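1. coordinates only, sequence not included:
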């Protein structure tokens, strides 16, 4: 378990200041106190007082998503959720699940058996068993990037992909690009279908050419680039939007292998703004999702449902972060 | 100004209990204390302590909406907003505006001049001058039932009309109705266009007949019924959805005048669930919006924007409240 010294080191402040923050002393600022508490949650440090207060239990179910270290997409989402939950004295258990697990254990049964009063669901696919059960559950449940119709016990949280994709396409247009492709995420995912539609809408609105071959699925892995980049390059595509930053890193590598320079010959845009994005060569232009805030708003929605406030969905704005992987189209 | 006794009378508790609630005494429950404070806000009672704390100023701009008494649509929205704002020590000024006012004073200028750090905007129409200015403002602004694209300083709050309208149509179908009309709200309103689309989508999905003549606009006033009910009845319509409860009350009256009984001959469904709905003859089946919660979530979004959290939109679930104005279709 982390010590007070670990928190002090992380924040670059003294052990006595950390101690004041943890104990609610009056001579440090409220914002520093909150930063100390947030860092304690991140590092897994708990005081006897924090443990004594926590009574209500929440479960955070993860599937199809890496979250173990700060470079991975799920890390900040889970951290933001846990930090907000901690302020309201909820205990959070992070539970990885598989399709097999879902087929052997009913959602409601699992929740009741473990005494959870609500759940945050991230990374689930449309065909998952529990997705059907969410239509009728009466346990407060919030889903990231999935939407359940008409059930007032379930709420949705996500980032508005359509604005992000349109921002990216407009950015590429101002650089002279017309032949723009989208290597999307996974099939059977609500978010992939929304982004596909956003790409179709934006390309149509701006009178740019596209068809089935310019919007393949990439399954969120860097290897997807191998299967698609050659084809897209041979079609005369000059810019590639990607379903996440990992696909974008694979696209840059594959372009380079084939003798195409990024951004001189091909512009590449990622999605998410993972910590690696700024470290790539060239640094990646990408559509940023604020993952800490997604987690925090996920908790807010869940706490609202627990208090009988039927929030249906909350969407956050994406932000186009322009770095060096996009440039004017080659002559 | 209200007195402690007014609060005690409203809640049916003793003056000393109210006093304990206002002064944060430890021997009353947290939930009762909050109820006392919420009621103090509603009645306009402030303690010296409450006045001393408030520093940050918000403005709530109202147009095209009645809000002066509890029977009117805007009352609970404003109350919920003020109650949540009060808990976070914000002062709220409610300011009615007109199109003329908007054309003589710029939004940003007005906000800066009066020292407001954010605004909640309710009842605005698409063609209002300020609606264009919201595209570029960098002052935290939340709009009820209007959406501004791509501006991270602006957020939207509303109720998901499409689920409510589909619930209402499904309810009517189970009663055997096929010829269902929608007397909508005002033209030039985002919410009216969404409800029109929701009606079209739901009627299409359920294979029910509709055309331009079955979805006229009613401008949120009871008098609208006079212009439309005769025509709809002559077309063989057996059920009428209305853009709000006032239109529905007018429809019931107009049907009765023309010798049609509600619900035996014609079923009628309102929107909002104003306090009058349950008092009508017959009591009105209606699509409920939780207005207190709309106000509270409006404040949450605004406070998030003030803290640089770019919430784009928050939607609440509607709830179909079935009373006596709907019945099986006549033979």
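-> Cool, the structure landed. Only a predicted model underlies this, so the values are computations on that prediction, with no experimental measurement involved. Numbers count the residues shown, from 1 in each chain, chains lettered A, B, ... in the order given.

2. what does the stretch 201-331 of chain A have sitting close to chain B?
-> Neighbours of chain B within the stretch 201-331 of chain A, by CB under 8 Å from any CB of the partner chain: A:290, A:293, A:296-297, A:300, A:304, A:309-317, A:319. Just so you know, the C-beta spots here come from the backbone N, C-alpha and C atoms, and that holds for glycine as well.

3. The residues you listed in helices, which ones?
-> Counted as lying in helices by DSSP state H, out of these, are A:293, A:296-297, A:300, A:304.

4. Chain B: which of those is nearest?
-> Set against chain B, the nearest of those by CB to the nearest CB is residue A:293 (5.3 Å).

5. Spit out the contact partners of the residue nearest to the closest one when sequence neighbours are not counted.
-> Nearest residue to residue A:293 in three dimensions, chain neighbours excluded: residue B:309, at 5.3 Å (CB to CB, 6 or more residues apart in numbering or on different chains). Taking CB atoms under 8 Å, 6 or more residues apart in numbering or on different chains, we find residue B:309 in contact with A:290, A:293, A:296-297, A:316.

6. pLDDT score for residue B:309?
-> Note for residue B:309: predicted pLDDT of 89.

7. just residue A:54 next, same as before
-> At residue A:54, pLDDT is 57.

8. again, but for residue A:37
-> Model confidence at residue A:37 (pLDDT) stands at 83.

9. Please name the spatially closest residue to it (chain neighbours excluded).
-> Residue A:37 sits nearest to residue A:21 (CB to CB, 6+ apart), 6.6 Å away.

10. Using the three-state scheme, assign the one you found.
-> On the three-state scheme (DSSP: H, G, I helix; E, B strand; the rest coil), residue A:21 is labelled helix.

11. and the closest residue to residue A:213 other than its chain neighbours, how many residues sit next to it?
-> In this structure, residue A:213 finds its nearest non-sequential neighbour in residue A:235, 6.7 Å apart by CB to CB, 6+ apart. Burial of residue A:235 is recorded as 12 neighbouring residues (other CB atoms under 10 Å in any protein chain shown).

12. re earlier: against residue A:35, how distant is the residue nearest to residue A:37?
-> Residue A:21 sits 8 Å away from residue A:35, going by CB to CB, to the nearest Å.

13. The two - which one has more neighbours?
-> residue A:21 (25 against 16).

14. which ones are touching that one?
-> Here residue A:21 is in contact with A:28, A:32-33, A:35-37 (CB under 8 Å, 6+ apart).

15. With respect to chain B, which of the residues you listed is nearest?
-> For the contacts of residue A:21, the nearest to chain B is residue A:35 (14.0 Å; CB to the nearest CB).

16. my read: that closest one touches residue A:11, true?
-> Yes - between residue A:35 and residue A:11 there is a contact at 6.7 Å, judged by CB atoms under 8 Å.

17. Okay, and the residue of the stretch 1-150 of chain A found nearest chain B sits in which element?
-> Of the stretch 1-150 of chain A, the residue with the smallest distance to chain B, taken as CB to the nearest CB, is residue A:150 at 5.3 Å. Residue A:150 belongs to no helix or strand when assigned by DSSP states H and E.

18. how much space between it and residue B:94?
-> Distance from residue A:150 to residue B:94, by CB to CB: 34 Å.

19. ok, now residue A:163?
-> Using CB to CB, residue A:163 is found at 31 Å from residue B:94.

20. which of these two has more neighbours?
-> Under the criterion of other CB under 10 Å, the comparison of residue A:163 against residue B:94 puts residue A:163 first, with 22 against 16.

21. can you give me the helices for chain A?
-> Going by DSSP H, chain A shows helices at A:4-11, A:15-23, A:30-43, A:48-53, A:73-87, A:99-104, A:107-114, A:129-133, A:161-174, A:190-205, A:224-234, A:245-257, A:291-306.

22. pLDDT on the shortest one, on average?
-> Right, the one you point to is helix A:129-133. According to the model, helix A:129-133 has a mean pLDDT of 96.

23. and residue A:43, how many residues sit next to it?
-> By other CB under 10 Å, 15 other residues sit near residue A:43.

24. quick one, what contacts it?
-> By CB under 8 Å, 6+ apart, residue A:43 lies in contact with A:2, A:6-7, A:10.

25. could you flag which of those are buried?
-> When the contacts of residue A:43 are checked for burial by 16 or more other CB atoms under 10 Å in any protein chain shown, the buried set is A:6-7.

26. CSV for the contacts of residue A:43, including distance to chain B?
-> Output for the contacts of residue A:43, formatted as CSV (distance: CB to the nearest CB, whole Å):
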residue, distance to chain B
A:2, 27
A:6, 27
A:7, 23
A:10, 22
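
27. right, and out of the contacts of residue A:43, which lies closest to residue A:241?
-> Nearest to residue A:241 out of those is residue A:10 (CB to CB; 35.6 Å).

28. what number of residues lie near the nearest residue to that closest one once chain neighbours are set aside?
-> Nearest residue to residue A:10, sequence neighbours excluded (CB to CB, 6+ apart): residue A:39, at 5.6 Å. A count of nearby residues for residue A:39, using other CB under 10 Å, gives 20.

29. Is it correct that residue A:39 is in contact with residue A:8?
-> No - in this structure residue A:39 lies outside contact range of residue A:8 using CB under 8 Å: 9.4 Å.

30. still on that earlier bit, would TSV of the helices of chain A with distance to residue B:205 be doable?
-> Output for the helices of chain A, formatted as TSV (distance: least, CB to CB, whole Å):
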stretch	distance to residue B:205
helix A:4-11	53
helix A:15-23	55
helix A:30-43	45
helix A:48-53	48
helix A:73-87	34
helix A:99-104	29
helix A:107-114	27
helix A:129-133	20
helix A:161-174	23
helix A:190-205	18
helix A:224-234	35
helix A:245-257	35
helix A:291-306	27
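
31. among those, which is nearest residue B:269?
-> That would be helix A:291-306 among the helices of chain A, by CB to CB, at 26.4 Å.

32. tell me the mean pLDDT over the closest one?
-> What helix A:291-306 shows for mean pLDDT is 94.

33. residues making contact with that helix?
-> The contact list for helix A:291-306, computed with CB under 8 Å, 6+ apart, reads A:58, A:73, A:75-85, A:88, A:90, A:117-120, A:140-142, A:144, A:153-155, A:157-159, A:272, A:311, A:314, A:316, B:297, B:300, B:304, B:309-311.

34. Determine the angle, from 0 to 180 degrees, between it and helix A:30-43.
-> Relative orientation of helix A:291-306 versus helix A:30-43 (axes from the mean of the first three to the mean of the last three CA atoms, to 10 degrees): 90 degrees.
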